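K.L.:
below are the sequence and a predicted model for it; my questions follow.
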Amino acid sequence: MTVERNWAGNVEFRASRLSRPQSVDELQRLVAAANAAGRPVKALGTRHSFSTIADTDGELVSTVDLDGIVSIDRGEMTVTVEAGIRYGTLGSALHDSGLALANLPSLPHITVGGAVATGTHGSGTTNQCLSAAVAAIEYVGVTGELRRWERGTSGFDGAVIALGEIGVAAYIVLDVEPTFDVTQVVYRDLPFETALIQLDEIMGSAYSVSLFTDWQRDVFHQVWVKQRSSDRSTIERTRGWFGLTPAAGSVHMVESLSAESCTAQHGEPGPWHERLPHFRLECTPSVGEELQAEYFIDRVHGAEALRRVDAIAGELEPVLLVSEIRTVARDELWLSGAFGHDALAIHFTFANDQPSVMATLRRVESVLAEFEPRPHLGKLTAMAPGVVQARFPRYADFAALVDAERS
């Protein structure tokens, strides 16, 4: 058999078979046959998870060809899509129809189904994770039937970020709104202490704010500020944004890399789907060969959590490429990093050296332990499974929901 791996190459999938259905009907038949033969099924999208969340010793099904837009309901302001559609593809089509999603991931390359399943997010103190935009979701269950979950119904909050455990997502209904333009400006060298003292004000100063650092200097070397073009007051403020100077040219957050893959950064208004992501759909995203981890902290502890990470900067240096600090608004989805409270997300992009990265993550998790960080479930963590489960107050309810759906 051909050995299948994830995007980063750090996970070798155990499955003996990979299928690539061309329709939801074919997906239903594949799932039913596999489960009838005693082979559990997991879905793959663009394989951008760094953990073993999509691994199985049964069968894998790729949803990348299930990438259609099924319908747009302008009365309900929703769009129904097949789960394998990429955000970049969906964004362009929605914009052409005069519509938009409220927020996007930094990589437009990933599928809607994969992002929803893992609680992936963008940034913004009023922006929830991408899964919170789900109004309804349909899974292919163990016998191949479609099971629909709708917002407001029993169990829905547990069925959205479901880690592939309830079934293979086939259709997803997302909230939309009228299209809008966004400007993006990258600022240089925000002093670390200023950032911590004014953290809430800085992170809430625009529609989306990301702080980047390698922890080796006393500054966040880049601040990516994205704002709706209609917010004139914010645009006026950011001309002198916290006294910082805009970058002279386009930059990559890993400063040794070319900015060619990054979205426009000099304040030119552009469609939301071309500004909210950090990277352009037609280019290789991020670094291209890397490992990632991320931790969600209750935002009230954000500044102190950043101090704790900064204290081990020397231990991060050998393997770290860059860190990104973002905010995620509270939601009620059971396995969300922002369940029950607003969150500060501390992200790490590492060199592709898993043994060294895992040792480093044990140190990161130890200095953050007081704040009970929740790991991003599609990325790496050194936490024991029981510890991870304890960080999500509704995990037992989620496990019961999965058992009920599989029975």
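P.N.:
In hand now; what should we look at?

K.L.:
and Val387, what element?
P.N.:
helix 385-390 (DSSP states H and E).

K.L.:
and the helices in this structure, which stretches?
P.N.:
24-36, 87-96, 112-118, 156-159, 192-197, 199-203, 232-238, 302-310, 313-316, 354-368, 385-390, 395-406 (DSSP state H).

K.L.:
how is the protein partitioned into domains?
P.N.:
73-179, 181-390 (automatic domain parsing).

K.L.:
can I get those in CSV including mean neighbour count and mean pLDDT?
P.N.:
Quick note: C-beta positions are derived from backbone N, CA and C, even for glycine. CSV is the format used below for the domains of the chain (neighbours: other Cβ atoms under 10 Å; pLDDT from 0 to 100):
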stretch, mean neighbour count, mean pLDDT
domain 73-179, 21, 97
domain 181-390, 19, 93
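
K.L.:
out of those domains, nearest to Val11?
P.N.:
Of all the domains of the chain, domain 181-390 sits nearest to Val11, with 9.6 Å by Cβ to Cβ.

K.L.:
need the contact list for the residue most central in space within the chain.
P.N.:
Centroid-nearest residue in the chain, with Cα atoms, centre = their mean: Thr120, separated by 2.3 Å. Shown in contact with Thr120 (Cβ atoms under 8 Å, 6 or more residues apart in numbering): 105, 110, 114, 129-131, 376, 378.

K.L.:
nearest to Pro271, out of the helices of the chain?
P.N.:
Nearest of the helices of the chain to Pro271, taken as Cβ to Cβ: helix 87-96 at 4.9 Å.

K.L.:
list of residues touching the closest one?
P.N.:
With Cβ under 8 Å, 6+ apart as the test, helix 87-96 has contacts from 67, 69, 79, 81, 100-101, 104-105, 107-112, 115, 176, 179, 271-274, 277, 281.

K.L.:
check stretch 380-394 too.
P.N.:
The contact list for stretch 380-394 (Cβ under 8 Å, 6+ apart) reads 50-51, 157-158, 291-293, 334-335, 339-340, 354, 357-358, 361-362, 365, 372-375, 377, 395, 398.

K.L.:
same question for stretch 200-207.
P.N.:
Outside stretch 200-207, the residues within contact range by Cβ under 8 Å, 6+ apart are 124-127, 182, 190, 195, 209, 211, 223, 225-228, 231, 234, 237-238, 241-242, 299, 325, 327, 344.

K.L.:
how far does it sit from its chain's centre?
P.N.:
20 Å (Cα atoms, centre = their mean, to the nearest Å).

K.L.:
then stretch 23-37?
P.N.:
Worked out by Cα atoms, centre = their mean, stretch 23-37 lies 28 Å from the chain centre.

K.L.:
wait, Val70 touches Tyr171, no?
P.N.:
Yes: here Val70 lies in contact with Tyr171, judged by Cβ atoms under 8 Å, at a distance of 6.4 Å.

K.L.:
what is in contact with those two at once?
P.N.:
Here Val70 and Tyr171 have 80-82 as joint contacts, going by Cβ under 8 Å, 6+ apart.

K.L.:
which of these fall within strands?
P.N.:
80-82 (DSSP state E).

K.L.:
and which of the residues you listed is nearest to Arg17?
P.N.:
Nearest to Arg17 among those: Glu82, at 21.6 Å, using Cβ to Cβ.

K.L.:
excluding its backbone neighbours, what's nearest Gly84?
P.N.:
Excluding the flanking residues, the one nearest Gly84 by Cβ to Cβ, 6 or more residues apart in numbering is Thr63, at 3.4 Å.

K.L.:
hang on, the earlier thing: among the domains of the chain, which comes closest to Leu44?
P.N.:
domain 73-179 (8.1 Å).

K.L.:
now the end-to-end length of that closest one.
P.N.:
The separation between the terminal residues of domain 73-179, taken as Cα to Cα, to the nearest Å, is 15 Å.

K.L.:
quick one: distance of it to the chain centre.
P.N.:
The chain centroid and the centroid of domain 73-179 are separated by 12 Å, computed with Cα atoms, centre = their mean.

K.L.:
what does stretch 191-198 give?
P.N.:
The answer for stretch 191-198 is 26 Å, by Cα atoms, centre = their mean.

K.L.:
what comes into contact with it?
P.N.:
Here stretch 191-198 makes contact (Cβ under 8 Å, 6+ apart) with 202, 211, 213, 218-220, 242, 303, 306-307, 310.

K.L.:
export the residues you listed to CSV and tack on distance to Pro40?
P.N.:
Formatted as CSV, the contacts of stretch 191-198 follow (distance: Cβ to Cβ, whole Å):
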residue, distance to Pro40
Ile202, 45
Leu211, 40
Thr213, 41
Asp218, 50
Val219, 48
Phe220, 44
Phe242, 51
Ala303, 43
Leu306, 40
Arg307, 43
Asp310, 43
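
K.L.:
which of these lies closest to Ser407?
P.N.:
Closest to Ser407 out of the contacts of stretch 191-198 is Leu306 (44.4 Å), distances taken as Cβ to Cβ.

K.L.:
now Glu315, nearest residue through space, not along the chain?
P.N.:
Per Cβ to Cβ, 6+ apart, closest to Glu315 is Arg363, 5.5 Å.
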